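Novice: my questions are about this predicted structure, shown below with the sequence.
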Amino acid sequence: MKKRFLVSLIVVCVLIPATLSAAMVNLSIGATARYDKSFEEVQSFIDNDTYGEELGKIENYAFGADIRLKILLAEIDLVGMFGKETVNSIDYTSISVLTSAGISLDILNIARLGFGMGPRFNVLIDSDGNAALKDSTGNDVDSLDGFGDAFIKSPVAYRATADIKLGSMMLGLNYTVDTSYTFENWERVQDLFDAPLNSGKVGVSFLFSLI
């Protein structure tokens with residue numbers, strides 16, 4: 001019991017100064033790239049000795065933008081990944097948008113660890129530049145009420161981040177796992193944990209701190 005208390009005390013003594021030494025508000029924006037195959041698929045590539053071949057295919061990657069707003073220990077992230085999608089024989093540029101909220105902790109002002117969760121939406125842009133926001137079922141979201149409905153019905157993903165701070169820049173890894181949990185069925189918490197961890201995808205981010 002004394003040993004456990006001592007360990008807890010040491011952790012608190014380390015975390016409090018680390019938290020207080022960090023800026024109260026931080027806004028970071030940058031680019032992100034994700035290997036668009038799950039960890040489970042990567043394992044199968046390794047087992048079949050095709051990992052090198054798959055790693056070199058540009059179509060196995062997704063690219064986008066990463067925006068993070070950190071206030072004390074709380075953080076809100078907005079991640080958009082670009083791609084192509086065809087609906088009713090019409091080609092669109094698609095943006096898969098993950099909005100997440102969670103916690104973020106600076107460690108001795110040299111590293112940052114974060115964890116958040118939130119719903120995923122899709123934005124489709126046609127060749128004329130017209131954009132449409134879609135929920136997870138493909139329905140248009142054209143009003144505030146529609147957005148709220150899409151928010152609670154869209155499946156939630158969770159995302160872990162680990163970054164190294166390089167002055168006003170950050171370079172780090174992230175791991176995203178999609179689940180079947182929705183805020184509409186908030187009581188079905190088990191859906192958050194039923195998603196296999198090896199179904200997640202690994203990405204890297206390079207960000208600049210604006211504040």
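Specialist: Structure received.
Novice: which residue would you name as the spatial centre of this structure?
Specialist: Averaging the C-alpha coordinates of the chain gives a centre point, and the residue nearest to it by C-alpha atoms, centre = their mean is Arg159 (4.3 Å).
Novice: quick one: pLDDT of that residue?
Specialist: With respect to pLDDT, Arg159 has a value of 96.
Novice: got the contact list for it?
Specialist: Taking C-beta atoms under 8 Å, 6 or more residues apart in numbering as the definition of contact, the neighbours of Arg159 are Asp77, Val79, Leu98, Ser100, Gly102, Phe115, Gly116, Met117, Asn174, Tyr175, Thr176, Val177. Quick note: C-beta positions are derived from backbone N, CA and C, even for glycine.
Novice: do the same with Ala195
Specialist: Counting by C-beta under 8 Å, 6+ apart, Ala195 touches Val177, Asp178, Thr179, Ser180.
Novice: with respect to pLDDT, which of those ranks lowest?
Specialist: For pLDDT, the smallest value among the contacts of Ala195 belongs to Ser180: 87.
Novice: these two touch, right, Asn26 and Phe208?
Specialist: No - between Asn26 and Phe208 no contact is recorded; they are 11.1 Å apart, counting by C-beta atoms under 8 Å.
Novice: the two: which is more packed in?
Specialist: The residue with the greater number of neighbours, taking Asn26 and Phe208 and applying other C-beta atoms under 10 Å, is Asn26; the counts read 19 against 13.
Novice: helix/strand/coil for that one?
Specialist: Secondary structure for Asn26, judged by DSSP: H, G, I helix; E, B strand; the rest coil, is strand.
Novice: the helices in the chain, which residues?
Specialist: Secondary structure of the chain by DSSP state H: the helices cover 2-21, 39-47, 51-55, 144-153, 190-194.
Novice: what helices or strands is the third one leaning on?
Specialist: If I follow you right, that is helix 51-55. Helix 51-55 sits against helix 39-47, with contacts defined as 3 or more C-beta pairs under 8 Å, 6 or more residues apart in numbering; DSSP states H and E.
Novice: for the helix it packs on, list the C-alpha coordinates in PDB.
Specialist: Coordinates of each C-alpha in helix 39-47 appear next as PDB, following Å, rounded to 0.1, in the frame of the first residue of the first chain:
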ATOM      1  CA  PHE A  39      -2.500  -2.800 -38.500                       C
ATOM      2  CA  GLU A  40      -4.100  -6.200 -39.000                       C
ATOM      3  CA  GLU A  41      -3.600  -5.900 -42.800                       C
ATOM      4  CA  VAL A  42       0.000  -4.800 -42.300                       C
ATOM      5  CA  GLN A  43       0.600  -8.000 -40.200                       C
ATOM      6  CA  SER A  44      -0.800 -10.100 -43.100                       C
ATOM      7  CA  PHE A  45       1.500  -8.300 -45.500                       C
ATOM      8  CA  ILE A  46       4.500  -9.100 -43.300                       C
ATOM      9  CA  ASP A  47       3.400 -12.800 -43.000                       C
END
